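Q: attaching a predicted model along with its sequence, questions to come.
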Amino acid sequence: MKYRTLGKTNLTVSVIGIGTWQFGGEWGKSFSQPEVDQIIGRAKELGINLIDTAECYGDHLSEQMIGHAIKRERTEWIVATKFGHKFHGYRNRTNHWSAQEVLDQLEDSLRALQTDYIDLYQFHSGSDEYFDQDELWTMLDKQKQAGKIRHLGISIGFNDNLHQTDAATRVGAEAIQVVYNRLDQTPEERVFPSCIRQNLGVLARVPLASGYLSGKYKPGATFAENDVRHHHNQAQTLEKLRRVEEIKRTEVPEGVDMAQWALAWCLAHPAVTCVIPGCKDVAQVEANAKAAELDLVRDDHPQARLHL
């Protein structure tokens, strides 16, 4: 495993993290606690130390499972979670953005995670109207002073949200989370330059483009109704899978696993600190971790290597 410092924080994070939306049950599978324990335990053995979750991956369900899995070794993990929504059921969430509502969510997350502090607490894909609340950020700063939050971050809801990215330093945020992958390079235009200027850490979410960049799916693939991909635009999915076939044929070296290549491709951008792919089992954790071993040079960023 390789490690980088998350922006201006003092957090040293593995370049491969664990995304945990799937633990909330919206990716076509329900998880038992022993399954989560095995996934997280194996990740630790492989040197992974960052877990990203959220208040609305289930009603704090993902957080509860993570909390149980790491409670005996809490200090060895960097836990990132989020705020702003409440889960009511499959693909059913409501917004909760007032300072008091977020404070309540923070306390619920701390209880679910069985911890006294959160390493990175992130504004979760909210609108600029919700973001521009001084009362909210004042409350969060007080929670930092109280030791319940170590660092603040912003998980931007769309990939060109320069308003929130540019305001990060002003509101006390030190990291940006954004969708970034070989099929969606939008952050490179404006968001990443802003992150570099402010020395913000970057967590690249959906680095495998919802699994499409795994190379496992052919054009025309279908997904179960309880899999969020079932609800993606079918024409767009078809086009993505056609592009994936072309990328695999023209860009992925012979003998290299496409999913591992796709993770290393993200990490080769100088702005990116860590990728946070999801995983459904121990085998996927092991495969994701191997991406850290790839020494990838990108033609568009020849100065950037995975070893940075």
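A: Good, I have the coordinates.

Q: when you work out contacts or count neighbours from here on, use the C-alpha atoms and nothing else.
A: Will do.

Q: contact partners of stretch 252-260?
A: Residues outside stretch 252-260 that contact it (CA atoms under 8 Å, 6 or more residues apart in numbering) are Leu208, Leu213, Ser214, Gly215, Lys248, Trp261, Ala287, Asn288, Lys290, Ala291, Leu294.

Q: look up how far Arg72 lies from the residue nearest to the last one when sequence neighbours are not counted.
A: Taking CA to CA, 6 or more residues apart in numbering as the measure, Leu294 lies nearest to Ala264, with 6.4 Å between them; neighbours along the chain are not counted. Distance check for Ala264 against Arg72: by CA to CA, to the nearest Å, it reads 31 Å.

Q: before we move on, the earlier item: confidence-wise, which of the contacts of stretch 252-260 comes last?
A: For the contacts of stretch 252-260, the least confident position by pLDDT is Gly215, scoring 79.

Q: quickly note the distance from it to Val252.
A: Distance of Gly215 to Val252, given as CA to CA: 10 Å.

Q: next, count neighbours for Ala69.
A: Using other CA atoms under 10 Å, Ala69 has 22 other residues around it.

Q: biggest helix in the chain by residues?
A: helix 234-250 (DSSP state H).

Q: chain center to that helix, what's the gap?
A: The chain centre lies 23 Å from the centre of helix 234-250; the measure is CA atoms, centre = their mean, to the nearest Å.

Q: what do you get for stretch 155-171?
A: Taking CA atoms, centre = their mean, the mean C-alpha location of stretch 155-171 is offset from the chain mean by 16 Å.

Q: repeat that for stretch 86-97.
A: Taking CA atoms, centre = their mean, one finds stretch 86-97 lying 19 Å from the centre of the chain it belongs to.

Q: what of stretch 73-93?
A: 11 Å.

Q: what does stretch 36-50 give?
A: Here stretch 36-50 shows a centroid-to-chain-centroid distance of 16 Å under the convention CA atoms, centre = their mean.

Q: repeat that for stretch 128-146.
A: 22 Å.

Q: just use 51 as the starting number from now, easier for me
A: With 51 as the first residue, the last one maps to stretch 178-196.

Q: buried residues in it?
A: Buried positions in stretch 178-196, judged by neighbour count with 16 or more other CA atoms under 10 Å: Tyr180, Phe181, Leu186, Trp187, Leu190, Asp191, Gln193, Lys194.

Q: what's the closest of the residues you listed to Asn99?
A: Using CA to CA, Lys194 is the member of those that sits closest to Asn99, with 21.6 Å.
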